[in-house]
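Enquirer: Sharing a sequence plus its predicted fold:
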Amino acid sequence: MTSRPTLFDAPAPVASAAPIDLSAPPGARVASADWPRLIDELNEFGCAAVGQLLTEEECRSVAALYHEVALFRSTVDMARYRFGSGQYRYFAYPLPELVAALRQAFYPQLLPVARDWADS
């Protein structure tokens, strides 16, 4: 069985030089990314830098949701598991509109990669 790359295998990839049009809808932004390069980086490094996908306003709006506990199905305190300090949360369904749009746009791009990795 071939092992998958990890973050420790090679230098981190760099974001594409071509900026993404932030005036386009979120799904179109994801679709316009340099997917051949991203897939190559995923296969080589285990991660890939897409570049800026959200405007500052969109980032602030998603970050502001963090304090609305009812929007999340669970919260993980990292110190409890010796992962460091802080916490992270998993959104409950329905996902916020922007998060759902991004997820829907990424899924068809990443599904073939996941299938390839599962087969190796």
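Expert: Nice, I can see it.
Enquirer: Contacts for the helix ranked longest in the chain next, please.
Expert: Of all the elements of type helix in the chain, the one with the most residues (DSSP state H) is helix 97-119. For helix 97-119, contacts defined as CB atoms under 8 Å, 6 or more residues apart in numbering pick out 4, 25-31, 33, 35, 38-39, 42-43, 53-54, 58, 61-62, 91, 94-95. (Glycine included, C-beta is placed from N, CA and C.)
Enquirer: Please convert the buried members of the residues you listed into ChimeraX selection syntax.
Expert: A single ChimeraX command selects the buried members of these (16 or more other CB atoms under 10 Å):
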select :26,29,30,33,35,38,39,42,53,54,91
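Enquirer: Narrow the contacts of helix 97-119 to those in strands?
Expert: Judged by DSSP state E, the contacts of helix 97-119 include Phe91 as members of strands.
Enquirer: Which residue ranges of the chain form helices?
Expert: Here the chain has its helices, by DSSP H, at 26-31, 35-45, 56-64, 97-119.
Enquirer: Need the ones you listed in TSV (columns: mean pLDDT and distance to Ala79).
Expert: Compiled in TSV, these are given as follows (pLDDT from 0 to 100; distance: least, CB to CB, whole Å):
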stretch	mean pLDDT	distance to Ala79
helix 26-31	96	33
helix 35-45	94	29
helix 56-64	96	21
helix 97-119	96	26
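Enquirer: now for those helices, which one comes closest to Ser74?
Expert: Among those, the nearest to Ser74 by CB to CB is helix 97-119 (15.5 Å).
Enquirer: ok, and for that closest one, which residues are buried?
Expert: Going by 16+ other CB under 10 Å, helix 97-119 has these buried residues: Ala101, Leu102, Ala105, Phe106.
Enquirer: what angle sits between it and helix 56-64?
Expert: Helix 97-119 and helix 56-64 are oriented at 80 degrees to each other (axes from the mean of the first three to the mean of the last three CA atoms, to 10 degrees).
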